[in-house]
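S.K.: here's my sequence, what's the structure:
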Amino acid sequence: MGKFKFIETGIDDLFIIESQRFGDARGYFMETYNEKDFHDAGLTMRFVQANESRSCKGVLRGMHFQKNFPQGKLVRCTKGEVYDVAVDLRKDSKTYGKWYGVNLSEENKRQFYVPEGFAHGFYVLSDVAEFVYQVTNLYHPEDEGALFWNDPEVGIKWPLIDGVEVLLSEKDKKNPLLKDIQ
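M.R.: Residues are numbered from 1 along each chain as shown. Take a look at the predicted model:
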């Protein structure tokens, strides 16, 4: 077995990635990215920036994308647990408007590769979540795009926690529906 397992999601270019862990009584070691292994799997992206966020239970960040400077993202949750979602916004894709979601946690150590041309977001399931990601293009604030997190046409099935308010930024409360995105 290689150091990575690349799991197809049914949406082209969108992968769940599992890393092999090497552990003993001291703890563990694992690679989270190896250019050769990723390239051998057909993932030839180049990362130019790394980011980290911390959020509390009920926070929903998303669904974000860059319009003219799209970013591919390799994401993972290093503390706590999130439900991570990608929506295909590639107009020429046979899965345009389709979504895929996966639980990412400090326990399962899974990663999610979200390619350029997708909206991306996550919902925090644990008391606190720390989320890290590498991106293939620099962030351009003037180029932000977004999709409403609960667009009925897209139909994301968020695992919302009973009795916990969904916490959105003021900006994300006003995101457009898929039909209104140019």
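
S.K.: count of residues packed around Lys3?
M.R.: Residue neighbour count, defined by other Cβ atoms under 10 Å, stands at 15 for Lys3. Bear in mind the C-beta positions are built from the backbone N, C-alpha and C, glycine included.

S.K.: correct me, but Ser55 touches Phe131?
M.R.: Yes: under the criterion of Cβ atoms under 8 Å, Ser55 makes contact with Phe131 at 7.0 Å.

S.K.: quick one: which of the two has more around it?
M.R.: When Ser55 and Phe131 are compared on other Cβ under 10 Å, the one with more neighbours turns out to be Phe131, at 22 against 19.

S.K.: quick one: that one and Glu52, what's the gap?
M.R.: In this view, Phe131 and Glu52 are 7 Å apart by Cβ to Cβ, to the nearest Å.

S.K.: and Phe69, what does it touch?
M.R.: 137-138, 140, 143 (Cβ atoms under 8 Å, 6 or more residues apart in numbering).

S.K.: how near is the closest residue to Cys56 other than its chain neighbours to Gln111?
M.R.: Once flanking residues are discounted, Cys56 sits nearest to Val128: 5.8 Å by Cβ to Cβ, 6 or more residues apart in numbering. Distance, Val128 to Gln111, using Cβ to Cβ: 20 Å.

S.K.: mind listing the strands for the protein?
M.R.: Using DSSP state E, the strands assigned to the chain run over residues 4-8, 15-19, 22-24, 27-29, 49-56, 60-66, 73-79, 81-88, 99-105, 111-114, 118-124, 128-135, 144-146.

S.K.: and Leu43, which of those is closest to it?
M.R.: Leu43 sits nearest to strand 111-114 of all the strands of the chain, at 6.3 Å, using Cβ to Cβ.

S.K.: list the buried residues of the closest one.
M.R.: Residues of strand 111-114 classed as buried: 111-114 (neighbour count, 16 or more other Cβ atoms under 10 Å).

S.K.: now swap in stretch 105-123 and tell me
M.R.: So for stretch 105-123, counting by 16+ other Cβ under 10 Å, buried means 105, 109-123.

S.K.: how about stretch 63-81?
M.R.: Across stretch 63-81, burial judged by 16+ other Cβ under 10 Å covers 63-66, 70-77, 80-81.

S.K.: any chance of JSON lines for the residues you listed, columns distance to Met45?
M.R.: Below are those laid out as JSON lines (distance: Cβ to Cβ, whole Å):
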{"residue": "Met63", "distance to Met45": "20"}
{"residue": "His64", "distance to Met45": "18"}
{"residue": "Phe65", "distance to Met45": "16"}
{"residue": "Gln66", "distance to Met45": "14"}
{"residue": "Pro70", "distance to Met45": "11"}
{"residue": "Gln71", "distance to Met45": "10"}
{"residue": "Gly72", "distance to Met45": "5"}
{"residue": "Lys73", "distance to Met45": "9"}
{"residue": "Leu74", "distance to Met45": "8"}
{"residue": "Val75", "distance to Met45": "13"}
{"residue": "Arg76", "distance to Met45": "15"}
{"residue": "Cys77", "distance to Met45": "20"}
{"residue": "Gly80", "distance to Met45": "26"}
{"residue": "Glu81", "distance to Met45": "25"}
